[in-house]
Structure formats: C-alpha cells, structure tokens
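> for reference, the sequence and a predicted model appear below.
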Amino acid sequence: MKTGEKFYQLCTKLGIGKWEWNFDSTIPKTELIFSIEEIHKLNDLKIVFNGENGGFVLGNSHDDGGIHLLQLDIEKNIIKYAGEMEGYEYLSSPLKSELHSNELVKINNLTTEIDANKKITIPKTCNIIDTSDIDVPVILLSGYKQFIINKKSTFNYINEIIEIEKKY
C-alpha cells in the first residue's frame with residue numbers, strides 16, 4: 001500500500017482537502033491542505049487524535065495503512081498533511097531546543113533490531129495515543145516541530161526517550 005493511500009481515498013470520498021503548490025522552499029512542491037471546517041468533518045468520524053503533546057502511539061503498521069499526520073500551520077491558518085507514522089513509534093512533544101532534537105535523533109539511530117525476548121513496558125508517566133481499531137486514524141500535531149522515533153528504537157529505548165522528554 002502506498003503511503004497515505006487510505007487517507008487520500010477517505011478525503012476523496014468526503015470531498016475534503018485540496019492540493020496547493022508551496023514555493024517557500026528551494027524546490028517547489030505540492031501539499032495537501034485542509035481548512036478547519038474540513039478537520040471538523042474528520043473529527044465527526046471520531047478518527048482524529050490529539051498529538052500536540054506527543055506520546056507512545058498505538059495503531060496500524062505502515063502495511064495496514066499507517067497513522068496519518070496533520071500539522072497546523074499557525075502563520076497561514078491552515079492544516080496540512082504531514083505524512084504517515086505507524087503504531088509502536090514514539091511521537092515527541094514539540095521540540096524545545098536543538099539539544100532536545102539531537103538527543104532524540106541519537107536514540108532514533110541507535111538500533112537496528114528489536115530484542116524478540118524483551119517485552120516493552122510503557123512507563124506510567126508516558127502519554128499514550130491509542131489509535132487502535134480505527135481504519136484510517138489521524139493525529140493532529142502541534143503547530144511546532146515534532147519528531148517520530150522509529151519502532152525499533154522506541155521498543156528498545158522507551159525509558160530513555162521518556163527521560164529525554166521530561167528533561168525538556
């Protein structure tokens with residue numbers, strides 16, 4: 001399944017979202033843009049989750065359609081499609097400094113395998129975003145930059161991730 005395919009099909013069915021050119025970067029690109037009213041349509045379907053503070057995300061794998069991310073663009077007062085993540089990845093809180101970002105990137109790059117004998121224990125202080133049992137889940141991000149830590153690193157270093165998040 002292509003990234004975003006299920007979400008694009010849902011948007012087409014609902015008649016929401018529009019493609020716009022973005023010339024703000026060195027390479028022009030198209031972005032899928034939504035109005036606040038269109039987000040209310042998605043919210044009415046009970047598929048939108050609050051991700052502004054981050055957390056451990058439960059839900060679909062990429063192969064099962066993933067979990068779709070929408071981000072508020074405060075300056076333009078729009079919401080744009082920001083990509084797809086999958087269940088068992090960690091969504092950071094808004095990045096508060098370059099140090100915060102660097103520490104999460106370091107954790108994200110630490111591992112390539114999941115220890116099959118290890119069970120993941122989610123710390124009680126960890127925010128959980130549970131999108132399980134939703135066919136096309138959507139997480140609404142904050143208006144600030146956030147970071148996704150891959151499934152393998154999240155699984156192996158969840159306690160360290162929580163400590164980094166508490167520090168900032």
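Nice, I can see it. Numbers count the residues shown, from 1 in each chain.

> test for you: state the pLDDT assigned to the closest residue in space to I149 that isn't next to it in sequence.
What sits nearest to I149 in space, not counting adjacent residues and going by C-beta to C-beta, 6 or more residues apart in numbering, is Y90, at 4.2 Å. Where you see a C-beta, it was placed from the backbone N, CA and C, and this is true even at glycine. Residue-level confidence at Y90 comes out at 98, pLDDT.

> ok, now how distant is Y90 from F49?
14 Å (C-beta to C-beta, to the nearest Å).

> and for D63?
Between D63 and F49 the computed distance is 20 Å (C-beta to C-beta).

> can you check E37 too?
Taking C-beta to C-beta as the measure, E37 and F49 are separated by 19 Å.

> which one's more surrounded, those two?
With other C-beta atoms under 10 Å as the criterion, E37 and F49 differ in neighbour count, and F49 comes out ahead with 18 against 8.

> which element is that one on?
Assigned by DSSP states H and E, F49 falls within strand 48-50.

> give me the helices and strands touching that strand, please.
Here strand 48-50 touches strand 128-130, strand 138-141, going by 3 or more C-beta pairs under 8 Å, 6 or more residues apart in numbering; DSSP states H and E.

> tell me where this protein has strands.
For the chain, applying DSSP state E gives strands covering 18-22, 29-34, 48-50, 55-58, 67-73, 78-85, 89-91, 128-130, 138-141, 148-149.

> tabulate the helices and strands packed on strand 48-50 (a markdown table), appending mean pLDDT, mean neighbour count and distance to Y157.
Rendered in a markdown table, the data for these read as follows (pLDDT from 0 to 100; neighbours: other C-beta atoms under 10 Å; distance: least, C-beta to C-beta, whole Å):
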| stretch | mean pLDDT | mean neighbour count | distance to Y157 |
| --- | --- | --- | --- |
| strand 128-130 | 98 | 14 | 17 |
| strand 138-141 | 98 | 22 | 21 |
